[in-house]
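S.K.: following is a predicted model, sequence given first.
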Amino acid sequence: MRQVILDTETTGLSWEKGNRVVEIGCIELLNRRPTERTYQQYLNPGREMEPGAAEVTGLTLDFLADKPRFGEVVQEFLDFIAGAELVIHNAEFDIGFLNYELGLLGTAYGRIDRHAGVLDTLKMARELYPGQRNSLDALCKRLGVDNKHRQLHGALLDAELLADVYLAMTSGQTGFGFDEAAAESDAAASELIVTVTSSSVILHATAQEIEAHRARILKIADKSGKSLWAD
């Protein structure tokens, strides 16, 4: 399964008021693992940033003045997401802006749903944690995803954080390659014990894997207040 974690930054909160996309950040996953393929592009919006947007992104029109317009990079962007499931936090916002950008170019490119599917992690979080704050920062704190380096909003950085949050929400894991967990997993795999019988292959968990599993179950129990596996 191919997924693309996607985030955008914009000149303001409403495309209906003529605000534009100023940055796109994407991370590709295959079967829930990062491929190291990313897409990041700053864009010249042709208009000023609204004060609130400038404050949270740190971007200015002076910085963006020599960057390409959306129409200049639209094909490479669509090629990157083609056929994937887009994983987006508050997808209505980002898809609304991207469809607006596509619409400004005429009818040739259609809408985003012509090129990719969409999964909204905000809707997912609201189902998992009803009545709680479900912003990306709140989910990072709840799920143990380190976002201390997030001083400003950036599309690629936010996509990286969302990738960890998404995986944590859907599998109980807190990372998939952006931290030391991948190295620890590779080390444990090198000690895998395999027993071959006449009719099957049995994979025995190593001591490190058993301990890691126990620690994960206890962490889930601590976060949720109860775990059937811990019982």
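M.R.: Done, it's in.

S.K.: when you work out contacts or count neighbours from here on, use the C-alpha atoms and nothing else.
M.R.: Will do.

S.K.: residues near Glu76, how many?
M.R.: When neighbours are defined as other Cα atoms under 10 Å, Glu76 has 11 of them.

S.K.: could you chop this structure up by domain?
M.R.: Here the domain assignment for the chain is 2-171, 181-224, based on automatic domain parsing.

S.K.: of the ones you listed, which stretch is the most buried?
M.R.: domain 2-171 (a mean of 17; mean count of other Cα atoms under 10 Å).

S.K.: now do it: distance to the chain's middle.
M.R.: How far domain 2-171 lies from its chain's middle: 8 Å, per Cα atoms, centre = their mean, to the nearest Å.

S.K.: what is the end-to-end distance of it?
M.R.: End-to-end distance for domain 2-171: 17 Å, by Cα to Cα, to the nearest Å.

S.K.: mean pLDDT for the domains of the chain: which is lowest?
M.R.: Among those, domain 181-224 carries the lowest mean pLDDT, at a mean of 49.

S.K.: now Lys123, nearest residue through space, not along the chain?
M.R.: Asn90 (7.4 Å; Cα to Cα, 6 or more residues apart in numbering).

S.K.: residues in contact with the one you found?
M.R.: Counting by Cα atoms under 8 Å, 6 or more residues apart in numbering, Asn90 touches Asp120, Thr121, Leu122, Lys123.

S.K.: ok, these vs Val74, which is closest?
M.R.: Nearest to Val74 among these, counting by Cα to Cα, is Asp120 at 22.3 Å.

S.K.: now the strands for the protein?
M.R.: 2-10, 21-30, 33-42, 85-88, 117-120, 193-196, 201-204 (DSSP state E).

S.K.: save the ones you listed as TSV, and put in distance to Val73 too.
M.R.: Putting the strands of the chain into TSV (distance: least, Cα to Cα, whole Å) gives the following:
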stretch	distance to Val73
strand 2-10	15
strand 21-30	11
strand 33-42	8
strand 85-88	18
strand 117-120	20
strand 193-196	49
strand 201-204	47
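
S.K.: looking at the ones you listed, which is nearest to Gly106?
M.R.: Closest approach to Gly106 among these (Cα to Cα): strand 21-30, 16.8 Å.

S.K.: pairing partners for the closest one, with directions?
M.R.: strand 2-10 (antiparallel), strand 33-42 (antiparallel) (DSSP bridges).

S.K.: can you add distance to Asn134 and give those back as a markdown table?
M.R.: Formatted as a markdown table, the strands paired with strand 21-30 follow (distance: least, Cα to Cα, whole Å):
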| stretch | distance to Asn134 |
| --- | --- |
| strand 2-10 | 16 |
| strand 33-42 | 24 |
